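> Model the following, please.
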Amino acid sequence: MLNNENRVSALGLAGICFAFAAMVIGCDKQEPTAPAGIRASALAAVTAANTGLDFPSNGQTSADIRFRWMGSALQPMYPATYIWRYNPRQQAGYYCNFYYGPSTGWDAGKYYGAPPYPDGSGDKSLSTTHHWSLGSSGHDYTNDANGNNTQLAYGAWKIQALRVTNLGNAGKLHEFFWDLPDTTKVIRTLLPSNYGATPTSPALNVGDAPWSLRSERLSGILRGIQLYSSNLSGADIVNEINSPLSTSSGSSAIWYLNLNPTPDDIQDKSGRNHHPAWVGTTHANLWTESGNPPPVPTVTLTANPTSVNSGSSSTLTWSSTNATGCAASGAWSGNQAVSGSQSTGALSSNSTYTLTCTGAGGSANASATVTVNAPPPPVPTVTLTANPTSVSSGSSSTLTWSSTNATGCAASGAWSGSKAVSGSQSTGALSSNSTYTLTCTGAGGSANASATVTVNAPP
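Below you'll find the predicted structure:
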């Protein structure tokens with residue numbers, strides 16, 4: 001990162017060890033080496049790779065190609081353990097892979113990282129050879145605590161981890177295991193206890209340096225990313241490499257997990273929902289182990305039933321292939337499993353549900369529509385009365401009617417013709433008993449009512 005280099009021994013730490021959280025973390029003390037079987041399995045995790053992110057080198061593009069954790073997705077600065085798999089590509093100048101610090105700049109007192117560092121004493125931006133380094137406090141430490149040669153080999157996979165520990169008054173310990181599962185290959189530095197106060201607008205950047213965009217690229221392939229919000233022991237680090245979440249400390253402290261990231265899927269697979277986001281619209285390229293394009297996802301989504309009455313529900317059922325995650329849109333939302341079923345809940349209108357599933361080979365979507373049947377129109381009602389219901393010969397009565405849910409009425413019996421849906425009318429002079437019927441019709445059918453007027457016989 002910067003062109004200063006100090007050894008841990010320059011801080012006067014030779015032979016000093018510190019006990020922290022019932023775990024010995026020594027400045028000169030070697031971590032116990034994992035058994036050969038576990039070491040072999042950990043290395044096999046690299047050769048069993050599926051996909052990864054291929055980041056450009058310095059000068060290849062003007063795009064801002066990096067992603068980062070911020071806000072609630074960002075884990076605390078201390079304590080933490082970071083594990084990743086990295087295949088560096090040779091480039092001139094500086095690198096930046098993981099950088100915890102201010103989101104838009106650089107602060108010598110509030111950051112750490114573990115990038116390859118250019119060799120030489122001249123213009124380091126021209127150097128094409130590098131050493132592994134631990135960057136913090138304005139320095140890039142390249143000397144291994146056990147005398148191992150940290151010279152970079154390009155085009156070769158490395159499993160690496162960065163562990164940062166708050167030792168209280170004893171200071172902040174930073175350890176970069178640069179060639180796991182061999183935990184004896186480690187760069188260490190101990191800094192004062194006041195180092196690493198929360199940076200302004202903190203972020204964990206991956207892929208490029210926010211203070212020097214496009215000139216300190218990651219330049220290589222990154223995959224197998226595992227973040228933990230605690231200090232894992234050396235043995236637990238190796239076990240977590242071999243089998244993520246296989247240790248109690250790892251499963252309890254996991255913050256983020258994505259072993260096979262793709263340009264379209266850097267989402268957290270740990271279940272903690274600590275999702276990073278790309279800063280710009282251009283992403284790293286997709287790397288696949290075989291070099292062949294990964295299979296394109298497929299997805300099916302059905303609704304049963306596809307038609308319901310208002311207030312009823314339907315069940316959505318879906319499945320996908322070659323997908324690592326799915327997202328709902330339309331009449332539902334949120335992340336969904338790659339297969340499953342879910343009730344729509346009570347529906348009151350037509351609803352279309354869309355599911356987009358994403359994998360290394362891209363994305364696919366499917367939709368299902370549930371139609372809500374219109375409620376049947378209400379049946380008409382009608383009332384018809386005569387007042388008075390009994391008259392002398394030659395006298396009349398008044399008919400009065402009203403209806404609901406009707407669009408028109410028709411008279412029959414002792415009267416005839418179309419009538420309004422409500423009204424009143426005289427019968428005229430009557431000489432005999434008369435029955436009046438009114439039928440009212442609407443979208444829901446028809447209804448009728450009758451009224452009879454009796455004509456009294458003369459005395």
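
> wait, residue 327 sits on residue 338?
No: counting by C-beta atoms under 8 Å, residue 327 stays clear of residue 338, with 11.1 Å between them. For every residue, glycine as well, the C-beta is placed using N, CA and C.

> quick one, which of those two is more surrounded?
Just comparing residue 327 and residue 338: by other C-beta atoms under 10 Å the higher neighbour count belongs to residue 338, 19 against 16.

> Against residue 427, how distant is that one?
According to C-beta to C-beta, to the nearest Å, residue 338 stands 77 Å off from residue 427.

> the helices in the chain, which residues?
Secondary structure of the chain (DSSP state H): helices located at 36-47, 234-242, 248-253.

> quick one: which of the ones you listed has the weakest pLDDT on average?
Sorting the helices of the chain by mean pLDDT places helix 36-47 lowest, at a mean of 43.

> For stretch 187-206, buried residues please.
Buried residues in stretch 187-206, counted by 16 or more other C-beta atoms under 10 Å: 187-191, 195-196, 199, 202-206.

> tell me the two of those that are most distant?
190 and 206 (25.5 Å; C-beta to C-beta).

> As a check, name the ranges of all strands in the stretch 351-459 of the chain.
Ranges of strands in the stretch 351-459 of the chain, per DSSP state E, counting those that start in this stretch, are 351-359, 362-373, 381-387, 390-392, 398-404, 408-413, 417-419, 423-426, 434-442, 445-456.

> The stretch 1-150 of the chain too?
Using DSSP E, counting those that start in this stretch, strands in the stretch 1-150 of the chain cover 17-20, 23-26, 51-55, 67-69, 80-88, 98-102, 112-113, 116-118, 130-132, 134-136, 139-141.

> Dump the ones you listed into TSV; add distance to residue 164 as well.
Formatted as TSV, those follow (distance: least, C-beta to C-beta, whole Å):
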stretch	distance to residue 164
strand 17-20	12
strand 23-26	11
strand 51-55	23
strand 67-69	15
strand 80-88	5
strand 98-102	8
strand 112-113	6
strand 116-118	18
strand 130-132	16
strand 134-136	9
strand 139-141	13
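
> Residue 279: which of those is closest?
Nearest to residue 279, of all those, is strand 67-69, at 6.2 Å by C-beta to C-beta.

> show me the contacts for residue 431.
Neighbouring residues of residue 431 by C-beta atoms under 8 Å, 6 or more residues apart in numbering: 393-394, 455.

> Weed out the non-buried ones from these.
Applying 16+ other C-beta under 10 Å to the contacts of residue 431, the neighbour count classes residue 455 as buried.

> Out of the contacts of residue 431, which comes closest to residue 323?
Using C-beta to C-beta, the contacts of residue 431 come closest to residue 323 at residue 455, 84.9 Å.

> per-residue pLDDT, that closest one?
Turning to residue 455, the model gives it a pLDDT of 94.

> what do you get for residue 59?
Here, the pLDDT recorded for residue 59 equals 86.

> swap in residue 107?
pLDDT, residue 107: 79.

> for it, what are its contacts?
Residues counted as contacts of residue 107 (C-beta under 8 Å, 6+ apart) are 101, 199-200.

> Could you rerun that using 6 Å?
In this structure, residue 107 makes contact with residue 199, judged by C-beta atoms under 6 Å, 6 or more residues apart in numbering.

> picking up where we left off before, can you put the strands of the stretch 351-459 of the chain in a markdown table and add distance to residue 117?
Below are the strands of the stretch 351-459 of the chain laid out as a markdown table (distance: least, C-beta to C-beta, whole Å):
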| stretch | distance to residue 117 |
| --- | --- |
| strand 351-359 | 36 |
| strand 362-373 | 37 |
| strand 381-387 | 89 |
| strand 390-392 | 115 |
| strand 398-404 | 86 |
| strand 408-413 | 91 |
| strand 417-419 | 97 |
| strand 423-426 | 97 |
| strand 434-442 | 85 |
| strand 445-456 | 86 |
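
> Throw the strands of the stretch 1-150 of the chain into a markdown table and include mean neighbour count, thanks.
Formatted as a markdown table, the strands of the stretch 1-150 of the chain follow (neighbours: other C-beta atoms under 10 Å):
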| stretch | mean neighbour count |
| --- | --- |
| strand 17-20 | 14 |
| strand 23-26 | 16 |
| strand 51-55 | 24 |
| strand 67-69 | 22 |
| strand 80-88 | 23 |
| strand 98-102 | 24 |
| strand 112-113 | 25 |
| strand 116-118 | 25 |
| strand 130-132 | 24 |
| strand 134-136 | 26 |
| strand 139-141 | 24 |
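
> still on that earlier bit, return the subset of the buried residues of stretch 187-206 lying in strands.
Judged by DSSP state E, strands contain the following of those: 187-191, 202-206.

> Hmm, residue 369 and residue 352 touching each other?
Yes: contact criterion C-beta atoms under 6 Å: residue 352 and residue 369 qualify, at 4.5 Å.

> Next, show the common contact partners of those two.
Counting by C-beta under 6 Å, 6+ apart, residue 352 and residue 369 have no shared contacts at all.

> sorry, back to before: out of the buried residues of stretch 187-206, which is nearest to residue 306?
Taking the buried residues of stretch 187-206 together and measuring to residue 306 by C-beta to C-beta, the closest member is residue 206, at 44.6 Å.

> Let me know the pLDDT of the closest one.
96.

> What's opposite it in the beta bridge?
residue 67, residue 98 (DSSP bridges).

> ok, and the closest non-adjacent residue to residue 87?
residue 221 (4.3 Å; C-beta to C-beta, 6 or more residues apart in numbering).

> got a list of what that neighbour touches?
Here residue 221 is in contact with 52, 54, 87, 287 (criterion: C-beta under 6 Å, 6+ apart).

> mind checking how far the last one is from residue 452?
Computed as C-beta to C-beta, the residue 287 to residue 452 distance reads 93 Å.

> Show me which of the two is the more surrounded one.
The neighbour comparison of residue 287 against residue 452 (other C-beta under 10 Å) goes to residue 287, with 22 against 15.

> got the contact list for the more buried one?
Contact analysis of residue 287 by C-beta under 6 Å, 6+ apart lists 52, 54, 221.

> how far away is it from residue 59?
In terms of C-beta to C-beta, residue 287 sits 20 Å off from residue 59.

> cool, and residue 169?
Counting by C-beta to C-beta, the separation of residue 169 from residue 59 is 45 Å.

> of the strands of the stretch 1-150 of the chain, which approaches residue 320 most closely?
The nearest among the strands of the stretch 1-150 of the chain, by C-beta to C-beta, is strand 51-55 at 16.8 Å.
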